[in-house]
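A.B. asks: below is the sequence, then the predicted model.
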Amino acid sequence: MPIEPFRIEIPLGIMFQTVNCYLIPGEQLTLIDCGLYSEENWDLFQKKINDLGYQVKDIEQVIITHEHSDHIGLLPEIMAHSNAIVRAPKVIEGWFSQPTEMKKRQGDFNKKIFSTVGFPQKIYNQVLQFVEMTKLGRQIQEMDRIHFYEAGDFLRIGNTEWEILNTPGHSLTQYVFLQKQEKRIFGSDMLLPIAPMPILMENPNKKDEPVQPLIDLLHSFERLKKYNIQTVYPGHGETFQDANQMIDKQLARIQMRKEECYEAIKNGLISPYQINRKMYPYQFIPPDFSGMYMILGYLDLLQNEGRILKSHDKNGSMVFSIK
Ligand SMILES: [Zn+2]
């Protein structure tokens, strides 16, 4: 019999209201992802574990899907209060061994990207404030308890084997865990009730160049559709059935919004900020970047289709025109 995971919701405050951790009993008491760090969240996490009849020290294995602060935040506390071994993607090792440096590097890249989207100075200053805002938990002392995995490896969760897939889109470093026979998946931020945010990050192969995360996301959707996944345990929101229906809905919406973006350029809006104000009127002010990331994604798609041209104005900001 498949073992059903317990969903533990930890408050988040921005974008989604909460982030999910999953506790899975079975051969080894396993936790997938660790919520955003704060003292209140740590108290709440312990309480929720107790309510399920366990204690933090009972956790034997912690599995991390990607390095975003809402997924790894409580890991140092959990490690300090248990003997759990940790399994995490090889590509995010630096986030455990030198988190301050990694955070600074990512912050610098974000500042650079957001300086080219046409934000007015006041809003750009708010962006800078937000980039500084997320807190890191305590530094992990016992690196030898972290075991690193790669795509194609298998994890033992509950009483069965789950294949690890790397699904770029939300992040290049996004991993999901698939039980092929049971058609179940821990979808993290790849399969969600709303379209995942295509977060820009530096291309590891091209210094100073961003990846094209929405294009990656579309490819990952197509790959996942082949598995006809029935049950999704997402990183945010409630468990849902029929992944392909959700994927098709999100793909259709992305295509529709991409056309609206094209229309906006046709109507004379030239900077990502102007297009964002038009397409996400209630969302253009930080700290909610989800709209801006979607706009930059639609612009990538339209450029890829050869329908628009990108150039830069005298300040180095991106401007777009119809081809
Ligand atoms: Zn994430």
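C.D. replies: It's in. Just so it is clear, the structure is predicted and the values come from calculations on it, not from any experiment.

A.B. asks: ok, the closest residue to residue 243 other than its chain neighbours to residue 319 distance?
C.D. replies: Spatial nearest neighbour of residue 243, chain neighbours left out: residue 229 (3.8 Å); criterion: CB to CB, 6 or more residues apart in numbering. Glycine gets a C-beta too; all of them are placed from N, C-alpha and C. For residue 229, the distance to residue 319 equals 41 Å [CB to CB, to the nearest Å].

A.B. asks: coming back round to it: ok, the residue nearest to residue 243 touching residue 241?
C.D. replies: No: between residue 229 and residue 241 there is no contact under CB atoms under 8 Å: 9.2 Å.

A.B. asks: picking up where we left off before, name the residue in residue 229 and residue 319 with the higher neighbour count.
C.D. replies: residue 229 (24 against 18; other CB atoms under 10 Å).

A.B. asks: for the more buried one, what are its contacts?
C.D. replies: For residue 229, the contact set (CB atoms under 8 Å, 6 or more residues apart in numbering) comprises 178, 183, 184, 185, 191, 243, 244.

A.B. asks: which residues of the stretch 151-300 of the chain fall in strands?
C.D. replies: Using DSSP state E, counting those that start in this stretch, the strands of the stretch 151-300 of the chain run over 154-157, 160-166, 175-179, 184-188, 231-234, 240-241.

A.B. asks: okay, now the residue lying closest to residue 247 once chain neighbours are set aside: neighbour count?
C.D. replies: In space, and not counting its chain neighbours, residue 247 is closest to residue 221: 4.9 Å by CB to CB, 6+ apart. Counted with other CB under 10 Å, residues neighbouring residue 221 total 23.

A.B. asks: and if you look at residue 227?
C.D. replies: 16.

A.B. asks: residues in contact with it?
C.D. replies: 178, 180, 183, 185, 243.

A.B. asks: can you lay out those residues as a markdown table showing neighbour count and pLDDT?
C.D. replies: Output for those, formatted as a markdown table (neighbours: other CB atoms under 10 Å; pLDDT from 0 to 100):
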| residue | neighbour count | pLDDT |
| --- | --- | --- |
| 178 | 20 | 98 |
| 180 | 13 | 97 |
| 183 | 16 | 98 |
| 185 | 26 | 98 |
| 243 | 24 | 98 |
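
A.B. asks: of the residues you listed, which is the nearest to the ion?
C.D. replies: residue 185 (16.0 Å; CB to the ion).

A.B. asks: the closest one and residue 228 touch, don't they?
C.D. replies: No: assessed by CB under 8 Å, residue 185 is found out of contact with residue 228, at 10.8 Å.

A.B. asks: neighbours of the closest residue to residue 231 other than its chain neighbours, how many?
C.D. replies: Sequence neighbours aside, residue 184 is the residue nearest to residue 231 in space, at 4.4 Å (criterion: CB to CB, 6+ apart). Residues near residue 184, counting by other CB under 10 Å, number 24.

A.B. asks: list the contacts of the residue in the chain positioned nearest to the ion.
C.D. replies: In the chain, the residue that lies nearest the ion is residue 68 (3.4 Å; CB to the ion). Residues in contact with residue 68 (CB under 8 Å, 6+ apart) are 171, 189.

A.B. asks: ok but residue 320 is inside a helix, no?
C.D. replies: No: according to DSSP: H, G, I helix; E, B strand; the rest coil, residue 320 belongs to no helix; its state is strand.

A.B. asks: same for the lowest-mean-pLDDT helix or strand in the chain, what does it pack against?
C.D. replies: Counting by mean pLDDT, DSSP states H and E, the chain has its least confident helix or strand at helix 121-133, which shows a mean of 81. Where contact means 3 or more CB pairs under 8 Å, 6 or more residues apart in numbering; DSSP states H and E, helix 121-133 is packed against helix 99-114.

A.B. asks: counting by contacts, list what the helix it packs on packs against.
C.D. replies: helix 94-97, helix 121-133.

A.B. asks: and stretch 92-101, end to end?
C.D. replies: 13 Å (CA to CA, to the nearest Å).

A.B. asks: excluding its backbone neighbours, what's nearest residue 160?
C.D. replies: residue 179 (5.9 Å).

A.B. asks: and what of residue 217?
C.D. replies: residue 169 (2.9 Å).

A.B. asks: ok, back up a step: now distance to residue 205 too, for the strands of the stretch 151-300 of the chain, in TSV please.
C.D. replies: As requested, the strands of the stretch 151-300 of the chain are exported to TSV (distance: least, CB to CB, whole Å):
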stretch	distance to residue 205
strand 154-157	28
strand 160-166	15
strand 175-179	19
strand 184-188	23
strand 231-234	29
strand 240-241	35
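
A.B. asks: ranking those by burial, who's on top?
C.D. replies: Mean neighbours per residue, mean count of other CB atoms under 10 Å, is largest over those for strand 184-188, with a mean of 27.
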